[in-house]
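> Mind folding the following:
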Amino acid sequence: RLFWAPDNGDAVSIASGAFDPAKVPPAVGHIFASTAPAYYTFDDGLPRFDAEWQGDPPWFEG
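Numbers count the residues shown, from 1 in each chain. You can find the predicted model right below:
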């Protein structure tokens with residue numbers, strides 16, 4: 001899916017790969033990190049969440 005909205009929220013999510021690479025926002029964190037494959041390493045210093053994003057979602061200007 002390109003666009004989707006949660007059943008219980010005001011946000012709309014958009015698959016970032018759908019945009020021109022120059023406009024793709026940078027990664028700001030990792031969700032569902034506890035279920036990542038063993039070969040995946042989190043060495044970028046970004047926050048990790050065991051489930052969905054906690055707190056306000058990040059907003060991007062662009």
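
> W53 and A36: what is the separation?
Relative to A36, W53 is positioned 15 Å away (CB to CB, to the nearest Å). In short, each C-beta sits where N, CA and C put it, glycine included.

> got a list of contacts for stretch 49-56?
Stretch 49-56 is contacted by residues G29, H30, I31, F32, A33, S34 when judged by CB atoms under 8 Å, 6 or more residues apart in numbering.

> how about a cut-off of 6 Å?
Stretch 49-56 is contacted from outside by I31, S34, using CB atoms under 6 Å, 6 or more residues apart in numbering.

> Ends of that stretch, what's the gap?
13 Å (CA to CA, to the nearest Å).

> residue ranges for the strands of the chain, please.
Secondary structure of the chain (DSSP state E): strands at 3-4, 13-14.

> need the helix or strand of this protein with the lowest average pLDDT.
For the chain, using mean pLDDT, DSSP states H and E, the weakest element among its helices and strands is strand 3-4, scoring a mean of 62.

> tally of neighbours for A15?
As a burial measure, A15 scores 10 neighbours (other CB atoms under 10 Å).

> I'd like the distance between it and P25.
12 Å.

> so where is the chain shaky, pLDDT-wise?
Counting by pLDDT under 70, the chain contains low-confidence residues at 1-6, 16-24, 57, 59-62.

> which stretches of it form helices?
Applying DSSP state H to the chain gives no helices.

> Near D44, how many other residues are there?
By other CB under 10 Å, 9 other residues sit near D44.

> same question but for I31, I mixed them up
I31: 15 surrounding residues under other CB under 10 Å.

> Tell me which residues touch it, please.
Contact analysis of I31 by CB under 6 Å, 6+ apart lists F49, E52, W53.

> Same question for H30.
H30 sits next to F42, R48 when contact means CB under 6 Å, 6+ apart.
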